[in-house]
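*Asks:* sequence and predicted structure are below.
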Amino acid sequence: MQRLKLFLPLITFAAIAIFFYTMVSRIDQGEYNPQDLPSALINKPFPSFSLAKLEDLTVSLQQKDLLGNITLVNVWATWCPSCHVEHGYLNYLFSEKDMIIVGVNYKDKAPAAQRWLQTKGNPYRFNIFDPDGILGLDLGVTGAPETYVLDHRGFVRFRYQGPLNEMVWQDKFQALIEQLQQEQLAYNGRGSR
């Protein structure tokens, strides 16, 4: 028993090394992408909330404010280095692709976030101010940035963790957005009869 205790650190190290080797191999072979995290919210309504609007903290926003359009909900913060990298692409999506983007300013300070939008540009229709991470918890946010795609009914259709760029947009978002646009046209066509 005493000898086993001597080898316990070595056995633990070997087990951890095997785990990491297996994960790296799966990533290299394309079997696992850490950015494709599943979400329990897929095909379910965006969580209910009542939080302040970052741009005017006296205004309260709710789930109903997300209905009616295909919307990207982007979780961001000023303390997030990847959010700095991503922000220019969000400005592009807003100005060049006419995407509706709603921000969730996550575990941040309002003055810093407001300055960010003034200096870097504001691609968001509005920002939900989530200083305590309450909405983030309901969304299952593991870190910023994360982006959710909502259909016109406010249902979560996709979740992506990591910064958006053109390659990610083409690979993960473009076809889904086009599909949702077709679904919305069909839905609107039924409603107008």
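*Replies:* Yep, it's here.

*Asks:* the domain parsing of this protein - what is it?
*Replies:* By the assignment in automatic domain parsing, the chain contains the domains 1-32, 50-191.

*Asks:* mean neighbour count, distance to Ala40 and mean pLDDT added to these, as CSV?
*Replies:* C-beta coordinates here come from the backbone N, C-alpha and C atoms, glycine included. Below are those laid out as CSV (neighbours: other Cβ atoms under 10 Å; distance: least, Cβ to Cβ, whole Å; pLDDT from 0 to 100):
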stretch, mean neighbour count, distance to Ala40, mean pLDDT
domain 1-32, 10, 19, 56
domain 50-191, 17, 6, 96
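
*Asks:* so which of the ones you listed is nearest Ile42?
*Replies:* domain 50-191 (5.9 Å; Cβ to Cβ).

*Asks:* quick one: distance of that closest one to the chain centre.
*Replies:* Between the centre of domain 50-191 and the centre of its chain there are 7 Å (Cα atoms, centre = their mean, to the nearest Å).

*Asks:* sorry, back to before: between the domains of the chain, which one is closest to Ser39.
*Replies:* domain 50-191 (4.1 Å).

*Asks:* tell me where the protein has helices.
*Replies:* For the chain, helices defined by DSSP state H occupy the ranges 2-28, 81-97, 110-120, 134-139, 166-168, 174-191.

*Asks:* which strands and helices sit next to the last one?
*Replies:* Read it as helix 174-191. For helix 174-191, the elements it packs on are strand 146-150, strand 156-161, judged by 3 or more Cβ pairs under 8 Å, 6 or more residues apart in numbering; DSSP states H and E.

*Asks:* can you redo these as CSV with distance to Pro81?
*Replies:* Shown next, in CSV, are those (distance: least, Cβ to Cβ, whole Å):
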stretch, distance to Pro81
strand 146-150, 14
strand 156-161, 14
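
*Asks:* quick one: which of those strands is nearest Lys44?
*Replies:* Shortest separation from Lys44 across the helices and strands packed on helix 174-191 is recorded for strand 156-161, at 6.1 Å, computed as Cβ to Cβ.

*Asks:* quick one: which of the domains of the chain is nearest Leu41?
*Replies:* domain 50-191 (4.2 Å).

*Asks:* okay, now Ala40: neighbour count?
*Replies:* Using other Cβ atoms under 10 Å, Ala40 has 9 other residues around it.
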